[in-house]
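S.K.: pasted the sequence and its predicted model underneath.
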Amino acid sequence: MTDPVLSIDDLAVTFGTRRGAARAVAGVSWSVDRGETLALVGESGSGKSMSVLAATGLTPRSARVTGSIRLLGEDLLSMDDTRRRRMRGRHIGFVFQDPMTSLNPVLPIGRQVSEACEEHLGMSRGQARDRAVELLDLVGIPSARDRVDAYPHQFSGGMRQRVVIAMALACDPDLLIADEPTTALDVTTQAQIVELVAGLQERLGTAVVWITHDLGVVAGIANRVAVMYGGRIVEHAPVDDLFAHPSHPYTEALLAARPDPAHAGGDLPAIQGSPPSPLDLPPGCAFWPRCPVRGDARCESELPPLSEVRPGHAVRTFYAADRVGGRA
Amino acid sequence: MTADVVGEVTAPVIAELDDLRVWFPAPNGQHVRAVDGVSLQIHGGETLGLVGESGSGKSTTGLALLRLVDPTGGRITVTGEDVTDWSRRRLRSLRRRVAMVFQDPQASLDPRRTVGASVAEPLVVHDLRPDAKARRERVEELLEMVGLRQDLADRHPHELSGGQRQRVGIARALAGEPDLIVLDEPIASLDLSVQAQIMNLLRRLQRDLGLTYLFISHDLAAVEHMSDRVAVMYLGRIVETGVPAQIYREPAHPYTAALLSAVPVADPTVERRRRRVMLSGDIPSPVNPPSGCRFRTRCPAARDACAEKDPSLYEVGEGHRAACLFAVEAVREMGVR
């Protein structure tokens, strides 16, 4: 068996703040294999983005990161900054929500795509430019050769995101990190980008970690899903199993809270309250204050373990036997 | 003017747009035609959903109802009065009749004011509760209506969660007892679990107070859930209107069908089987909209005739209208249904 492309084990990220320690991520473990898509789902403050930033060494300096992170079998936390940056640049491509955070507004798009090819693949400027045209063509920029010298502002939001994907793919990365890449886009553009990434992944065998809050997108792209709440994974399962048998009360509630034509007219089964702040996490299960099931006092004071309820399907609960199939 | 009535709607018309145009100046003497010939009626007690992608003109249409943008052409009628040419002074009374809730409560609330002061502001502006004590009581009542504890009146917006801030925005909109509330993407910046709370709140308030809503959103599922009637916008025009069952189950305009087919469904087995209509390219510039049908440049079922004739809204079923020369037939050809 080959190593996973990226695997993290017992990852924790804490920040020291004036109001005490903020625990953004705790006890998070997952791995992603070649050609596989792992979806990380959660609301704001769930730790889904922070866990991935930490896993790729991109957390702010004030963060304390512990645990183990292995990229292609090598331990990222124990290597020096220069080597880590090189590993990241060579093997990981990033696509963020707002393409303009990744693009330099005063550089032609071709230069931005070719830069990585020069830096990490040792190409000459001419070779890198040809490669940029090839990549822009691959991601569906019409008449790429004529537009390679255009600037980001000359493109629409969807086209900019395509340019960012071309940049991310410049070095044939083993791993693509997509952090809410379609959230700022219209739904018809989102469909184009989702299809583009799925097609590229099939062709190139890239591993993908896709961070999103949209369960519809998850259903379309993921092989496996990790649902996060309050900095921890609360449910982790193959995609079909998660949607067929959501087993954590939070996952169930999230799926139920979406408007569904079958239940039109009535009130939506909303979850009361708001997601917790990383500064103010309850001692036990982070979802306990909002939980419709509310197991018992143990849930309030003690952290439930991640327990396997079906093969490959883990749920953070004390009552694994009761939660199979999601009916408590 | 065509009747825009579904079935036996007898409720009075609260607001009406007739051939509204809102153009903004662009370089070289050209114009951004943000809204370019929109007619609609909003009846008392109903929710009209206005759905479309960015650049479709849905928000500008909402702003026009409060005269927060100036119309280039057409008429705006609110509670029977033509407000198209009202002076600045009279607009104050229009903005009591029509209130607005914005997408981002963080941006629409004054960060230096307490929640109580923000909610009281419409009462002061419209001189509704001149007495300070009565005003204070009304603010407490409004906060209670939107499910906020009264002690939050002394807090500032940054001390509140996103959902609480949006509740404050709704309380503020309710303060003037408006005839119509324009909800512009009221749930778009909220977490999924909080979106459901706000939708439930809006519906409960509508039931209890008999409110009338224009619900503007890009979220098709939310629009379906909230609306009695739906209008789909594309590039400054309404391309299809009807009740949700018609729009969502039997879309007659190719754009509506493509939009619906692009919405991901939270079910992996459905997603794998699904056939999507991929629209090529982006929405064209509203400075130079295509000749004839505005959707024809991206329409998978476009024909030669579509470049010639600009289709108006044709009746395709009772109270169901689509602006397509080949409505229904074109959608069938796309093979999504």
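M.R.: Noted; the coordinates are in hand. Residues are numbered from 1 along each chain as shown, chains lettered A, B, ... in the order given.

S.K.: pLDDT score assigned to the closest residue to A:R290 other than its chain neighbours?
M.R.: Leaving out its chain neighbours, the residue that sits closest to A:R290 by CB to CB, 6 or more residues apart in numbering or on different chains is A:G273, at 4.6 Å. C-betas here are computed from N, CA, C, even on glycine. Listed pLDDT for A:G273 reads 88.

S.K.: now do B:V328
M.R.: Reported pLDDT for B:V328: 87.

S.K.: now do the phi/psi pair for the residue nearest to A:R290.
M.R.: When read as degrees, to the nearest 10, the backbone of A:G273 gives phi 70, psi -170.

S.K.: burial count for it?
M.R.: 14 (other CB atoms under 10 Å in any protein chain shown).

S.K.: what residues does the stretch 201-328 of chain A put near chain B?
M.R.: Taking CB under 8 Å from any CB of the partner chain, the part of the stretch 201-328 of chain A that reaches chain B is made up of A:213-220, A:222, A:239-240, A:243, A:253-255, A:257-261, A:264, A:267-272, A:274-275, A:290.

S.K.: could I have the buried ones of the residues you listed as ChimeraX selection syntax?
M.R.: In ChimeraX, a selection of the buried entries from these looks like this (16 or more other CB atoms under 10 Å in any protein chain shown):
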select /A:213,214,215,216,217,218,219,220,222,239,240,243,253,254,255,257,258,259,268,269,270,271,274,275,290
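
S.K.: among the residues of the stretch 201-328 of chain A next to chain B, which lie within helices?
M.R.: Those of these mapping onto helices are A:215-220, A:239-240, A:243, A:253-255, A:257, per DSSP state H.

S.K.: which one of those residues is nearest chain B?
M.R.: A:G216 (3.0 Å; CB to the nearest CB).

S.K.: for the nearest residue to that closest one once chain neighbours are set aside, which residues are in contact?
M.R.: Spatial nearest neighbour of A:G216, chain neighbours left out: B:P264 (3.0 Å); criterion: CB to CB, 6+ apart. Contacts for B:P264 (CB atoms under 8 Å, 6 or more residues apart in numbering or on different chains) come out as A:190-191, A:194, A:214, A:216-217, A:219-220, B:271.

S.K.: which of the three states applies to the residue of the stretch 1-150 of chain A found nearest chain B?
M.R.: Nearest to chain B in the stretch 1-150 of chain A, going by CB to the nearest CB, is A:E43, at a distance of 4.0 Å. Using DSSP: H, G, I helix; E, B strand; the rest coil, the structure places A:E43 in coil.

S.K.: and if you look at B:R203?
M.R.: Quick answer, by three-state DSSP: B:R203 is helix.

S.K.: kindly report the same for B:E137.
M.R.: Assignment for B:E137 (three-state DSSP): helix.

S.K.: what do you get for B:L40?
M.R.: B:L40 is classified as strand under three-state DSSP.

S.K.: pLDDT value on it, please?
M.R.: Per-residue confidence (pLDDT) for B:L40: 97.

S.K.: so what's the residue nearest to it when sequence neighbours are not counted up against?
M.R.: In this structure, B:L40 finds its nearest non-sequential neighbour in B:L17, 5.2 Å apart by CB to CB, 6+ apart. Neighbour list for B:L17: B:38-41, B:61, B:64-65, B:74-77 [criterion: CB under 8 Å, 6+ apart].

S.K.: also A:G231?
M.R.: A:G231 makes contacts with A:23-26, A:28, A:46-47, A:50, A:278, A:281, A:286, as judged by CB under 8 Å, 6+ apart.

S.K.: and B:K309, by the same measure?
M.R.: B:K309 makes contact with B:292-293, B:325, according to CB under 8 Å, 6+ apart.

S.K.: out of these, who's near chain A?
M.R.: Answer for those near chain A: none qualify (CB under 8 Å from any CB).

S.K.: in JSON lines: those, plus secondary structure.
M.R.: Output for the contacts of B:K309, formatted as JSON lines (three-state DSSP):
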{"residue": "B:G292", "secondary structure": "coil"}
{"residue": "B:C293", "secondary structure": "coil"}
{"residue": "B:L325", "secondary structure": "coil"}
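
S.K.: residues in contact with stretch A:184-202?
M.R.: A:35, A:37, A:97-98, A:138-140, A:157-158, A:161-162, A:165, A:169, A:176, A:178, A:181-182, A:206, A:208, A:210, A:217, A:220-221, B:53-54, B:218, B:220, B:258-259, B:261-264, B:276, B:278-279, B:282-283.

S.K.: may I see the buried residues of that stretch?
M.R.: For stretch A:184-202, by 16+ other CB under 10 Å, it's A:184-194, A:196-197, A:200-201.

S.K.: just stretch A:84-98 next, same as before
M.R.: Across stretch A:84-98, burial judged by 16+ other CB under 10 Å covers A:84, A:87-88, A:90-97.

S.K.: from those, which land in strands?
M.R.: Taking DSSP state E, the ones among these that sit in strands are A:92-95.

S.K.: wait, B:A257 sits on B:G335?
M.R.: No - with contact defined as CB atoms under 8 Å, B:A257 does not reach B:G335; the gap is 9.8 Å.

S.K.: more crowded one of the two?
M.R.: Neighbour comparison, B:A257 and B:G335: the larger count goes to B:A257, with 23 against 12 (by other CB under 10 Å).

S.K.: thinking again about what came up before, quick one: residues contacting the residue of the stretch 1-150 of chain A closest to chain B.
M.R.: Counted by CB under 8 Å, 6+ apart, A:E43 has contacts A:213, A:229, A:275, B:191-193.

S.K.: ok, now B:H31?
M.R.: By CB under 8 Å, 6+ apart, B:H31 lies in contact with B:23-25, B:72, B:287.

S.K.: among these, which ones are buried?
M.R.: So, by 16+ other CB under 10 Å, the buried ones in these are B:23, B:72.

S.K.: between the contacts of B:H31, which sits nearest chain A?
M.R.: Among those, B:V287 lies closest to chain A (CB to the nearest CB), at 14.0 Å.

S.K.: what about B:I216, which helix or strand?
M.R.: strand B:213-217 (DSSP states H and E).

S.K.: can whichever helix or strand comes after that strand be said to contact chain A?
M.R.: Following strand B:213-217 in sequence order, the next helix or strand is helix B:220-226 (DSSP H and E). Yes - counting by CB under 8 Å from any CB, chain A is contacted by helix B:220-226 at B:220-222, B:224-226.
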